[in-house]
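# Predicted coordinates and the sequence they were generated for:
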Protein chains: 2
Amino acid sequence: MRIITISREFGSGGRELGKRLAEIMGFDYYDREIITAIADSSGLDANYVENALETGIWQRVPLTFHNSFASKAVFQASHINLLSEQTKVIEGIAKAGHDCVIVGRNADVLLAKENPFTIFVCADLEAKVRRCMERAPENEQLTRKELEQNIRRVDKNRAQTHEILTGSKWGQGSTYHLTVNTSSWDIKKLAPAVAEIASRWFEQREG
Amino acid sequence: MRIITISREFGSGGRELGKRLAEIMGFDYYDREIITAIADSSGLDANYVENALETGIWQRVPLTFHNSFASKAVFQASHINLLSEQTKVIEGIAKAGHDCVIVGRNADVLLAKENPFTIFVCADLEAKVRRCMERAPENEQLTRKELEQNIRRVDKNRAQTHEILTGSKWGQGSTYHLTVNTSSWDIKKLAPAVAEIASRWFEQREG
């Protein structure tokens, strides 16, 4: 089974790249589907689940507490063990055995034993703000400053979750097979070339 | 003119990747040639020049001194202004106007106005040690520990030089267009796919 995981900075276009990779390679695609599955199994609202996973879980945990004792305390402190549900859902995807692209959700860490091809997608702050502005729903009129704060907050939480789960640095080149800065790319043109790299890597892994 | 710059961790295979990219794309290749040119123009030994640029120049400069006053002081303190020579040589390469791959030497920073495609090559420590051991000359029998120290020392100096020149972080994904971890790659298989990405990027840049 070939799995591609995409970790991404908020607003970097990681989701678009993931979708296009899945299309080009004929892989299944998982992103929001994971949130829906957690919501279904926990009986919680999908938006609540997404928000809790993006911003809530670690916010009162000092980053220095990496050991399992501290992790347990955090798990107990959260009313519903959303991360554990997430792990179940992601392991379920792997068990199904289909080639797939998974965006976010620490799938790179949770599925490490499946030896996925891991991609990190980043961009300059300016490019991320631009992308967020282009994609904002009409009723969501954030100021530039609010958008920047939003980007920093989400990325900080992603970095902390990754570090607590693995001890390794989110967004550092050597943590992933490939890191792409999308700032100066049309992602439509980038995707086929990234698909080529991933295909070659799987070929090599299998052969 | 299309320029590809390769920044790399010591032992990551950045030089091999650069050579192969140049071959595949029909670009000129610069690496050791730059050292030779500096040696020629300064009348110094090439090995001395390489060593001074890799390890010597910044060693007594606190990393917090990023401003031009401090930079000037450093320049004055070194007997020969090797970095300035290096800049001249690299700008000379750009003036020649040929498509090229340049490995190391902060070419990504020095040639920023030429809008190069910038690549960072990294690898896990284990892979870097293995690569260094395979490539060591027979008369250079370093222990594993000495090798690790060597890798850390060279990389630390490269990071400091980059940070002093630019204020941006060496080895951080968003500093480069593409970051590749070579640990699980046969570089021969990786190179054509990276060439494909670079070609697409130049195509897009040229509109």
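Done, it's in.
# any low-confidence regions in chain A?
Chain A contains residues with pLDDT under 70 at A:55-80, A:139.
# how about the residues of it near chain B?
Residues of chain A lying near chain B by Cβ under 8 Å from any Cβ of the partner chain: A:9, A:120, A:122-124, A:171-181, A:183-186, A:189-190, A:192-194, A:196-197, A:200-201, A:203-205. Every C-beta, even on glycine, is put in place using the N, C-alpha and C of the backbone.
# repeat that with 7 Å
Contact residues (Cβ under 7 Å from any Cβ of the partner chain) of chain A with chain B: A:120, A:122-124, A:171, A:173-174, A:176-181, A:186, A:189, A:193, A:196-197, A:200, A:204.
# Relative to chain B, how far out is A:Asn81?
Plainly put, A:Asn81 is 31 Å away from chain B if you go by Cβ to the nearest Cβ, to the nearest Å.
# Number of residues surrounding that residue?
Neighbours of A:Asn81 under the rule other Cβ atoms under 10 Å in any protein chain shown: 15.
# cool, and A:Gln141?
Counted with other Cβ under 10 Å, A:Gln141 comes out at 9.
# Let me know the secondary structure of the residue lying closest to A:Ala136 once chain neighbours are set aside.
Once flanking residues are discounted, A:Ala136 sits nearest to A:Leu142: 6.8 Å by Cβ to Cβ, 6 or more residues apart in numbering or on different chains. Of the three states, A:Leu142 takes coil under DSSP: H, G, I helix; E, B strand; the rest coil.
# Look at A:Gly92 and say how many residues are nearby.
12.
# tell me what the one helix or strand it maps to is packed against?
Following DSSP states H and E, one finds A:Gly92 within helix A:82-96. Here helix A:82-96 touches helix A:32-42, strand A:100-103, helix A:107-110, going by 3 or more Cβ pairs under 7 Å, 6 or more residues apart in numbering or on different chains; DSSP states H and E.
# In CSV: these, plus mean neighbour count.
Shown next, in CSV, are the helices and strands packed on helix A:82-96 (neighbours: other Cβ atoms under 10 Å in any protein chain shown):
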stretch, mean neighbour count
helix A:32-42, 17
strand A:100-103, 26
helix A:107-110, 24
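# and the ones you listed as TSV, adding distance to B:Arg20?
Listed next are these as TSV, based on distance: least, Cβ to Cβ, whole Å:
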stretch	distance to B:Arg20
helix A:32-42	38
strand A:100-103	28
helix A:107-110	27
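# What ranges does chain A have for its strands?
Remark: strands assigned in chain A by DSSP state E are A:3-8, A:28-30, A:100-103, A:117-122, A:178-181.
# what does the third one rub up against?
Strand A:100-103 has contacts (Cβ atoms under 7 Å, 6 or more residues apart in numbering or on different chains) with A:3-6, A:14-15, A:18, A:21-22, A:27-31, A:90, A:93.
# again, but for the last one
With Cβ under 7 Å, 6+ apart as the test, strand A:178-181 has contacts from A:119-123, A:173, A:190, A:194, A:197, B:173-174, B:176-180.
# Next, name the residue at the spatial heart of chain A.
By Cα atoms, centre = their mean, chain A has its centre lying nearest to A:Gly104, at 1.4 Å.
# Show the backbone phi and psi for it.
phi 70, psi -160 (degrees, to the nearest 10).
# Report the contact partners of it.
A:Gly104 is in contact with A:Ser7, A:Arg8, A:Asp31, counting by Cβ under 7 Å, 6+ apart.
# quick one: which of those is most hemmed in?
Counting neighbours by other Cβ under 10 Å, A:Ser7 leads these with 27 neighbours.
# isn't it right up against A:Phe120?
Yes: counting by Cβ atoms under 7 Å, A:Ser7 does reach A:Phe120; the two are 4.9 Å apart.
# joint contacts of those two?
In terms of Cβ under 7 Å, 6+ apart, A:Ser7 and A:Phe120 are both contacted by the residues A:Tyr176.
# Among the contacts of strand A:100-103, find me the one that's closest to chain B.
Closest approach to chain B among the contacts of strand A:100-103 (Cβ to the nearest Cβ): A:Gly14, at 11.8 Å.
# how about that closest one, what does it touch?
Neighbour list for A:Gly14: A:Ile6, A:Arg8, A:Val103, A:Val121 [criterion: Cβ under 7 Å, 6+ apart].
# let's see 6 Å
A:Ile6, A:Arg8, A:Val121 (Cβ atoms under 6 Å, 6 or more residues apart in numbering or on different chains).
# Save the residues you listed as TSV, and put in distance to A:Ser42 too.
What follows is the contacts of A:Gly14, written out as TSV (distance: Cβ to Cβ, whole Å):
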residue	distance to A:Ser42
A:Ile6	24
A:Arg8	25
A:Val121	28
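# Closest to A:Asn47 out of the residues you listed?
Nearest to A:Asn47 among those, counting by Cβ to Cβ, is A:Arg8 at 20.0 Å.
# and the closest residue to that closest one other than its chain neighbours, how far is that from B:Asp124?
Among residues not flanking A:Arg8 along the chain, A:Gly14 sits closest, at 2.5 Å (Cβ to Cβ, 6+ apart). Counting by Cβ to Cβ, to the nearest Å, the gap from A:Gly14 to B:Asp124 is 23 Å.
# same check, this time on A:Ile93
For A:Ile93, the distance to B:Asp124 - Cβ to Cβ - is 27 Å.
# Please report phi then psi for A:Gly43.
When read as degrees, to the nearest 10, the backbone of A:Gly43 gives phi 70, psi 10.
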